[in-house]
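>>> the following comprises the amino acid sequence and a computationally predicted model.
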Amino acid sequence: MAIILPLLGKTPQFGKNCFIAQNATIVGDVVMGDECSIWFNAVVRGDVHYIKMGNKVNVQDGAIIHCTYLKNPANIGNNVSIGHNAIVHGCTVHDDVLIGMGSIIMDRCEVQTNSIIAAGAVVLEGTVVEAGSIYAGIPAKKIKEVSPDMIRDEINRIANSYVKYSSWFSEFNAAK
């Protein structure tokens, strides 16, 4: 069963049709919208500040969302995919974003709409990822623009696929 813990008077809140994997951990001041999914071994830790997620956010296996004590919350928009083993820490991620596997997004970053963070990228503290851009590398830098085809074929496809995948586990849904 998933670990869903209230902390310091704050209890995680879930929208409609959310899937929480049996070994995911969600703690404290966490609010998520509809059709979100938190996958196996993912951790969403709203213990030191709040975490807010829009609709259709998927936090894939082993990913971590955390904050900085009383300084930097995590705000995540709609239609966002956070890839396997990614770390999203005390930052803002706008709508329609794909965060690649194993990437790290540090405190006070802003990832603007229709952007892609490449797998393994490290987005340094305070970086603003321009809307419609792909950032890659260590430290992450803009490498190209996101085409309309990439928005449809990558950003939207992956977010929609995770809504479908989560429906396969509806009998185990811990967020009912």
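Great, that's in hand. Remember, predicted model here, so these are calculated numbers, not experimental data.
>>> and the longest strand along the chain, which strands flank it?
Taking DSSP state E as the criterion, the chain has its longest strand at strand 43-53. Strand 43-53 pairs in its sheet with strand 25-32 (parallel), strand 64-66 (parallel), strand 74-76 (parallel), by DSSP bridges.
>>> mind listing what's buried along the last one?
It stands for strand 74-76. 74-76 (16 or more other Cβ atoms under 10 Å). Using the backbone N, CA and C atoms, a C-beta is placed for each residue, glycine as well.
>>> A119: which of these is nearest?
I76 (18.6 Å; Cβ to Cβ).
>>> thought G54 was touching the closest one, still the case?
Yes. The pair I76 / G54 is scored as a contact, 6.5 Å apart, by Cβ atoms under 8 Å.
>>> most centrally placed residue in this structure?
I82 (4.2 Å; Cα atoms, centre = their mean).
>>> gap between it and P73?
16 Å (Cβ to Cβ, to the nearest Å).
>>> these two touch, right, the residue nearest to the centre of the chain and V88?
Yes. Assessed by Cβ under 8 Å, I82 is found in contact with V88 at 5.9 Å.
>>> before we move on, back to that, I'd like the next helix or strand past the longest strand of the chain.
strand 57-59 (DSSP states H and E).
>>> how about that next one: buried residues?
Applying 16+ other Cβ under 10 Å to strand 57-59 flags 57-59 as buried.
>>> chain center to it: distance?
5 Å (Cα atoms, centre = their mean, to the nearest Å).
>>> what's the answer for stretch 88-98, then?
6 Å.
>>> now that stretch: average pLDDT?
In this model, stretch 88-98 carries a mean pLDDT of 98.
>>> mind exporting that stretch as CSV, just the C-alpha atoms?
Extracted as CSV, the C-alpha positions of stretch 88-98 are listed here (Å, rounded to 0.1, in the frame of the first residue of the first chain):
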residue,chain,number,x,y,z
VAL,A,88,12.3,18.3,-9.4
HIS,A,89,13.3,20.5,-6.5
GLY,A,90,11.7,23.8,-5.3
CYS,A,91,10.9,25.1,-8.8
THR,A,92,8.1,26.0,-11.2
VAL,A,93,7.2,23.9,-14.1
HIS,A,94,4.5,25.4,-16.4
ASP,A,95,2.0,23.5,-18.6
ASP,A,96,2.9,21.1,-21.3
VAL,A,97,6.4,20.1,-20.3
LEU,A,98,8.3,16.9,-20.6
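>>> thank you kindly, that will do.
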